[in-house]
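Asker: next come a sequence and a model predicted from it.
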2 protein chains.
Amino acid sequence: MSTPGQDVPRPLLPLADDRPPERADAARNRALLLETARRLVERDGVCGVTMDRLASEAGVGKGTVFRRFSSREGLMGELLDFSESGWQAAVLSGPPPLGPGAPPRERLLAFGRSRIETTLLHADLIAASGYPGGRSVAAIGFIASHVRHLLGEIGVEGDLPLLTTALIAPLEVPVLVQQVRREGHSVARVQDAWADLVRRVLDAPPAAAGPRPAP
Amino acid sequence: MSTPGQDVPRPLLPLADDRPPERADAARNRALLLETARRLVERDGVCGVTMDRLASEAGVGKGTVFRRFSSREGLMGELLDFSESGWQAAVLSGPPPLGPGAPPRERLLAFGRSRIETTLLHADLIAASGYPGGRSVAAIGFIASHVRHLLGEIGVEGDLPLLTTALIAPLEVPVLVQQVRREGHSVARVQDAWADLVRRVLDAPPAAAGPRPAP
DNA sequence: AATAGAAACGGACCGTGGTCCGTTTCGCCC
DNA sequence: GGGCGAAACGGACCACGGTCCGTTTCTATT
């Protein structure tokens, strides 16, 4: 997989990079390493993928691995981006109600249901990509801007950026993993609870005194 | 609070431990290590505290450190419990509106404001105590049960356990750190946003069709 | 006080993520 | 093609968290 005929989902937001393209050997090694990493994840799970192992398995020096992906988190982030890009495409241009075409409120609810499933599916990878604490800002940035955009379309009043954060927070990996894997709640129940949260936020009467705008 | 004369904040929920007490040398070392750790945190910050350094600084072997606190997270957890117990006492028995006496709605709002400050204050320690991912369940358990209790007193309808989680999620370390330290929002704004979220959740009209109860 | 057995101790040892720097390869330009 | 500077490569090296196990110390019992 990778370069040629393009059926694979391509990375996220194009995000024009001005840097000159990689040298041929570098690109070859990047592809080789990503493929090897994918195979290792499949075989041993995310935790079983060591940078040393990856290097030796790919027949390459450790330094090379760290040169291509600046850290383990970076590597996992790229693996994740690959997995997530299909989902992002579905949100951006797939069929309604997840994709465009449905009323924004329904899109938001569909987003939540879908996101909960996707997050649980990729939980290990997301966690390993060092998500909280800095990296993989790509993924969370996409989610945040989508939700915020829908809130705007719905016409919600208030501090949209922070309200967005509050709606997204219960979709984070640790929260969902705690609810589903540790406390044993069903995915459907968690999804319903999020939908209920959204309903409350959208249908609440306007604030008595408006919140401070933004310092 | 807790046992007898004591002016130091004592650990959280008593949680009867049946195990026999530590041997004298063990107790001595635990105290020595905690004190040394506290000093090191103060001097070098949480990240500057290494298990090796702690051991050598305290003049004991590394094995001893790991025997007393089973991991780095465990150590940080104990340090954190010490810091948090004062706050927990204020919630459980301090003056209103944070403590008992005020109407539950006001207590909830006061809780949020206070919790945001405390979390930001102890952010490094909370993160180092391995909070998401398992440990330090003590702290989050306390928070969850308090919020849930208040929601019950207020008379909120719905799936209270999960609604509680949704309200608590935006108070987690990574979220708050992102908002305040990275995006540069003021603490007051974050506090207001949480209060607005609570207002919406509490004042929303009842659900059209009730959510599924619980499988 | 002597003793026995459990508990605590210490530090060598391991695997991991990450860095460093001397060596090799690439690809552009003459 | 030959040469040259930049980029990539490789693997020794480091610090850290964590384990293991032989040795020492405590304390309960007699």
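Answerer: Nice, thanks for sending it over.

Asker: so who does the closest residue in space to residue A:199 that isn't next to it in sequence touch?
Answerer: Using Cβ to Cβ, 6 or more residues apart in numbering or on different chains and skipping the chain neighbours, the partner closest in space to residue A:199 is residue B:207 (6.5 Å). Where you see a C-beta, it was placed from the backbone N, CA and C, and this is true even at glycine. Counting by Cβ atoms under 8 Å, 6 or more residues apart in numbering or on different chains, residue B:207 makes contact with A:196, A:199, B:157-158.

Asker: so of these, which two are at opposite extremes in space?
Answerer: A:199 and B:157 (12.1 Å; Cβ to Cβ).

Asker: if you count surrounding residues, which of the two has more?
Answerer: A direct count of neighbours by other Cβ atoms under 10 Å in any protein chain shown for residue A:199 and residue B:157 places residue A:199 higher, at 18 against 13.

Asker: quick one: residue A:154 from residue B:58, how far?
Answerer: With distances defined as Cβ to Cβ, to the nearest Å, the gap from residue A:154 to residue B:58 amounts to 57 Å.

Asker: quick check: mean pLDDT of stretch A:98-117?
Answerer: Per-residue pLDDT over stretch A:98-117 has a mean of 97.

Asker: again with stretch A:172-186
Answerer: Across stretch A:172-186, pLDDT averages out at 93.

Asker: next one: that stretch to chain centre, how far?
Answerer: Centre-to-centre, stretch A:172-186 and its host chain are 17 Å apart (Cα atoms, centre = their mean, to the nearest Å).

Asker: would you mark the buried spots in stretch A:53-68?
Answerer: Within stretch A:53-68, the residues that qualify as buried are A:54-55, A:57-58, A:60, A:64-65, A:68, counting by 16 or more other Cβ atoms under 10 Å in any protein chain shown.

Asker: looking at those residues, which one is closest to chain B?
Answerer: Nearest to chain B among the buried residues of stretch A:53-68 is residue A:54, at 23.0 Å by Cβ to the nearest Cβ.

Asker: ok, the closest one touching residue A:65?
Answerer: Yes. The pair residue A:54 and residue A:65 passes the contact test of Cβ atoms under 8 Å, sitting 5.9 Å apart.

Asker: so for those two, which residues contact both of them?
Answerer: Here residue A:54 and residue A:65 share the contacting residues A:33, A:75, scored by Cβ under 8 Å, 6+ apart.

Asker: where does the prediction get shaky in chain A?
Answerer: A:1-19, A:131-139, A:208-215 (pLDDT under 70).

Asker: show me the helices in it, by range?
Answerer: With DSSP state H as the criterion, chain A has helices at A:24-44, A:51-58, A:62-68, A:72-93, A:104-121, A:123-128, A:137-154, A:160-168, A:173-177, A:187-203.

Asker: which of those sits most buried?
Answerer: With neighbours taken as mean count of other Cβ atoms under 10 Å in any protein chain shown, the helices of chain A reach their highest mean count in helix A:160-168, at a mean of 22.

Asker: which strands and helices sit next to that helix?
Answerer: Here helix A:160-168 touches helix A:137-154, helix A:187-203, helix B:187-203, going by 3 or more Cβ pairs under 8 Å, 6 or more residues apart in numbering or on different chains; DSSP states H and E.

Asker: centre of the chain to that helix, how far?
Answerer: Going by Cα atoms, centre = their mean, the spacing between the C-alpha centre of helix A:160-168 and its chain's C-alpha centre is 16 Å.

Asker: how about stretch A:155-172?
Answerer: Between the centre of stretch A:155-172 and the centre of its host chain there is 17 Å, according to Cα atoms, centre = their mean.

Asker: how close does residue A:182 get to residue A:174?
Answerer: 10 Å.

Asker: now do the contacts for the residue of chain A found nearest DNA strand C.
Answerer: Closest approach between chain A and DNA strand C, counting by Cβ to the nearest atom of the strand: residue A:24, at 2.8 Å. Remark: with contacts taken as Cβ under 8 Å, 6+ apart, residue A:24 is in contact with nothing.

Asker: please apply the same query to residue A:151.
Answerer: Residues in contact with residue A:151, defined by Cβ under 8 Å, 6+ apart, are A:108, A:160, A:163-164, A:167.

Asker: widest-spaced pair of those residues?
Answerer: Checking the contacts of residue A:151 against each other with Cβ to Cβ, the farthest-apart pair comes out as A:108 and A:160, at 12.9 Å.

Asker: quick revisit: out of the helices and strands packed on helix A:160-168, which gets nearest to DNA strand D?
Answerer: Counting by Cβ to the nearest atom of the strand, DNA strand D lies closest to helix A:137-154 out of these; the figure is 21.0 Å.
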